[in-house]
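Trainee: Sequence first, then the predicted structure, then my questions.
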Amino acid sequence: MAEAMHKFKLKKEDTVEVIAGKDKGKRGRVLKILRDKDRIVVQGVNLVKKAKKKRKQSDAGGIVEIEAALHSSNLMIVCKKCGPTRTGFKLDGGKKVRVCRKCGEAM
């Protein structure tokens, strides 16, 4: 039986902070969301070395550093005013808007 996909409160291009793990405290932009695995790829965070094969003559092969996915529970969205926070939702003229739980500002 297939598991239900997790619904994230984070979106692509959000600024997030790592709250657990080896990169705790680092901030970055969300690049990719892997819903089926509950994981998120963040720019400049959780870098791993990967052996890359040379595909074209102009391509550089060798060992490259790429961002690996982090579990969604280890990330927290960052509010422009008050830093890492949780999110809530408000109805704004019939539209559902994400808001900061600390200051109430729309995200």
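Mentor: Structure's in. What do you need? Numbering: from 1, shown residues only.

Trainee: only C-alpha atoms for contact and neighbour calcs from this point on.
Mentor: Will do.

Trainee: what packs against the strand ranked longest in the chain?
Mentor: Counting residues, the longest strand found in the chain (DSSP state E) is strand 27-34. The elements that strand 27-34 packs onto, with contact taken as 3 or more Cα pairs under 8 Å, 6 or more residues apart in numbering; DSSP states H and E, are strand 15-18, strand 39-42.

Trainee: can you pull the buried residues of it?
Mentor: In terms of neighbour count (16 or more other Cα atoms under 10 Å), strand 27-34 has its buried residues at Arg27, Gly28, Arg29, Val30, Leu31, Ile33.

Trainee: Tell me which of the helices and strands packed on strand 27-34 approaches Lys96 most closely.
Mentor: Each of those was scored for nearness to Lys96 using Cα to Cα, and the closest is strand 15-18 (20.0 Å).

Trainee: just how off-centre is that closest one within its chain?
Mentor: 7 Å (Cα atoms, centre = their mean, to the nearest Å).

Trainee: what about Lys96, distance to Phe89?
Mentor: To Phe89, Lys96 is 6 Å away according to Cα to Cα, to the nearest Å.

Trainee: Who has more neighbours out of those two?
Mentor: Each of Lys96 and Phe89 has its neighbours counted (other Cα atoms under 10 Å); Phe89 has more, 16 against 10.

Trainee: and that one, bridged to which residues?
Mentor: Taking DSSP bridges as the rule, Phe89 bridges to Arg98.

Trainee: Do I have it right that it meets Val99?
Mentor: Yes - Phe89 is within contact range of Val99, at 5.6 Å (criterion: Cα atoms under 8 Å).

Trainee: Excluding residues flanking it in the chain, which one is nearest Gly25?
Mentor: Val18 (5.4 Å; Cα to Cα, 6 or more residues apart in numbering).

Trainee: I appreciate the help and will end here.
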